[in-house]
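**Student:** Structure for this input, please:
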Amino acid sequence: MKNLFDNTQIAFSLKSDTELERAYFLFKLIANEPLVRIGTAVTNFALKASLPVEGLIRATVFDHFCAGVNEDDSLKVVDNLFTKGVSSVLDYSVEGKEEEEQFDGVLEKTLKLIAFAKEKKAIPFAVFKPSGFGCIDLYEAVGSARNLTAVETEEWNRVVARFEKVCKASYDSDVALLIDAEESWMQDAVDNLVEKMMMKYNKSKAIVFNTLQMYRWDRLDYLKKLHEKANPETSGEGFFIGMKLVRGAYMEKENERANEKGYPTPICASKEATDENYDAAVKYMVENLYRMSIFEGTHNEASTYFLMNLMEEKGIKSTDDRIWFGQLYGMSDNISFNLAADGYNVAKYLPFGPVKDVMPYLIRRAEENTSVAGQTSRELAMIKTERNRRKGK
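**Tutor:** Predicted structure coming up:
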């Protein structure tokens, strides 16, 4: 297969010279781990002390990694991306809420996003994070099969009702719904709940999508067991499976907790094992595409080529709506824009929300880029190439 991802003219076609310089500046900072730690601490302090730093944050890291402070503010980014064939997934990235009123607020925001997606071809998916609908401790209690108190039972019933409401809205609107993954200790409850939603709303195609974090060694087995449940010949249920495949976002936290509590870590033994696990899940889903739909969420070029090659081998068209590629806004534009230019289905995750509330997300992005070997250096190399191209060097 041809080398697709080195074309920087296509990758950065939407970026002005000023925006390209800002990206270079940001990734140079992110490449310096001590600076990321110091910058995170200073930013958190400034926001908590109500110092006037939001304008600076908005003009730099926020505008690079986020689409806007609300849905309407984000639409100009959505429309701009779609001029290059890149779709969008508007992601309300406000984290750390713990009150019922806040959970209801996220529910209403998600319903609004589904309505947006119904009316806009450029937004093929809606998305939400389970911890936005209920307390993490409650998911853990349900997943461990602990007897719930009367109050907890009422809280859980409200969580189930929120899931039901958004899944029904997605079904009624014919908008696919991505449900993000969480830490392993709350994921069992999420999995069970999402399965029930799939059984109910994925009767004719995949509307409800779960997320598999493939740095967990047990996820491929889970996918195969879910496939057995979905197969009408083996279970009688008969439903379609939608899955977003990612590598994972909580590795250090997972390993630390496993060590503290004395149970085997759910994380693969090495990066190579994770890569093999990821590609095995991709292969399994492509081989069973009659029953499955894939949203391949990755910044890994090798995994992207792997799926593209499988599609070519099996004669699957690049426009087949059962296969989507996805990357985060502000990262891996060389993958997103070149894929779209070549006719593949591509969607950028577009985080949005008030600057102060989105800071935990932004901090995680900076830390992720610092810790993932090669990610930041790859971004910098691409930006340098494009700067030189524009200068005629």
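**Student:** Buried residues in the worst-scoring helix or strand of the chain on mean pLDDT, which are they?
**Tutor:** Of all helical and strand segments in the chain, the minimum by mean pLDDT, DSSP states H and E falls on helix 33-48, at a mean of 71. Judged by neighbour count using 16 or more other Cβ atoms under 10 Å, the buried positions of helix 33-48 are Val36, Gly39, Thr40, Thr43, Leu47. In this view, the C-beta of every residue, glycine as well, is placed from N, C-alpha and C.
**Student:** Just put those residues in JSON lines and tack on distance to Tyr222.
**Tutor:** Listed next are the buried residues of helix 33-48 as JSON lines, based on distance: Cβ to Cβ, whole Å:
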{"residue": "Val36", "distance to Tyr222": "34"}
{"residue": "Gly39", "distance to Tyr222": "38"}
{"residue": "Thr40", "distance to Tyr222": "34"}
{"residue": "Thr43", "distance to Tyr222": "37"}
{"residue": "Leu47", "distance to Tyr222": "39"}
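**Student:** Check the residues you listed against Pro354 and report the nearest one.
**Tutor:** Nearest to Pro354 among the buried residues of helix 33-48: Leu47, at 10.8 Å, using Cβ to Cβ.
**Student:** and the closest one, how far is that from Asp91?
**Tutor:** Distance, Leu47 to Asp91, by Cβ to Cβ, to the nearest Å: 21 Å.
**Student:** tell me which element Asp91 falls in.
**Tutor:** Assigned by DSSP states H and E, Asp91 belongs to strand 87-92.
**Student:** Give the phi and psi angles for Met243, as a check.
**Tutor:** When read as degrees, to the nearest 10, the backbone of Met243 gives phi -140, psi 130.
**Student:** Would you confirm that it contacts Gly297?
**Tutor:** No. Using Cβ atoms under 8 Å, Met243 is not in contact with Gly297, being 10.0 Å away.
**Student:** which neighbours do those two share?
**Tutor:** Thr211 (Cβ atoms under 8 Å, 6 or more residues apart in numbering).
**Student:** confidence score at Met292?
**Tutor:** Model confidence at Met292, given as pLDDT, is 98.
**Student:** Likewise for Lys2?
**Tutor:** For Lys2, pLDDT reads 66.
**Student:** circling back to that earlier point, okay, buried residues for the strand holding Asp91 please.
**Tutor:** Ser87, Ser88, Val89, Leu90, Asp91, Tyr92.
**Student:** Rounded mean pLDDT for that strand, please.
**Tutor:** Strand 87-92 comes out at a mean pLDDT of 96.
**Student:** Which elements pack onto the helix or strand following it?
**Tutor:** Under the assignment DSSP H and E, the closest C-terminal helix or strand after strand 87-92 is helix 100-119. Here helix 100-119 touches helix 71-82, strand 87-92, strand 125-128, helix 150-173, going by 3 or more Cβ pairs under 8 Å, 6 or more residues apart in numbering; DSSP states H and E.
**Student:** Quick check: which of those is nearest to Asn309?
**Tutor:** Judging those by Cβ to Cβ, what sits closest to Asn309 is strand 87-92, at 22.7 Å.
**Student:** The closest one: partners in the sheet, and parallel or antiparallel?
**Tutor:** strand 346-352 (parallel) (DSSP bridges).
**Student:** From the rest of the structure, what touches the strand it pairs with?
**Tutor:** Counting by Cβ under 8 Å, 6+ apart, 65-71, 73-74, 77-78, 81, 85-93, 124-125, 127, 295, 297, 324-329, 336-337, 339-340, 358, 361 sit against strand 346-352.
**Student:** Just send the helices and strands packed on helix 100-119 back as a markdown table, with distance to Ile30 too.
**Tutor:** Formatted as a markdown table, those follow (distance: least, Cβ to Cβ, whole Å):
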| stretch | distance to Ile30 |
| --- | --- |
| helix 71-82 | 21 |
| strand 87-92 | 20 |
| strand 125-128 | 24 |
| helix 150-173 | 34 |
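**Student:** Quick one: closest of those to Asp137.
**Tutor:** helix 150-173 (9.0 Å).
**Student:** Check the burial of Glu287 by counting its neighbours.
**Tutor:** Close neighbours of Glu287, defined as other Cβ atoms under 10 Å, add up to 11.
**Student:** now it: how far from Val246?
**Tutor:** 20 Å.
**Student:** for Asp63, same thing?
**Tutor:** For Asp63 relative to Val246 (Cβ to Cβ), the value is 25 Å.
**Student:** Compare neighbour counts for the two and give me the winner.
**Tutor:** Val246 (20 against 16).
**Student:** ok, Phe239 - contacts?
**Tutor:** Contacts of Phe239 (Cβ under 8 Å, 6+ apart): Met198, Met199, Asn202, Lys203, Ala230.
**Student:** which residues does the spatially closest residue to it that is not a sequence neighbour contact?
**Tutor:** Excluding the flanking residues, the one nearest Phe239 by Cβ to Cβ, 6 or more residues apart in numbering is Asn202, at 4.5 Å. Taking Cβ under 8 Å, 6+ apart as the criterion, Asn202 is in contact with Val208, Phe239, Phe240, Ile241, Gly242.
**Student:** possible to save these as JSON lines with secondary structure, distance to Phe133 and pLDDT?
**Tutor:** Output for these, formatted as JSON lines (DSSP: H, G, I helix; E, B strand; the rest coil; distance: Cβ to Cβ, whole Å; pLDDT from 0 to 100):
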{"residue": "Val208", "secondary structure": "strand", "distance to Phe133": "14", "pLDDT": "98"}
{"residue": "Phe239", "secondary structure": "coil", "distance to Phe133": "22", "pLDDT": "97"}
{"residue": "Phe240", "secondary structure": "coil", "distance to Phe133": "23", "pLDDT": "98"}
{"residue": "Ile241", "secondary structure": "strand", "distance to Phe133": "21", "pLDDT": "98"}
{"residue": "Gly242", "secondary structure": "strand", "distance to Phe133": "18", "pLDDT": "98"}
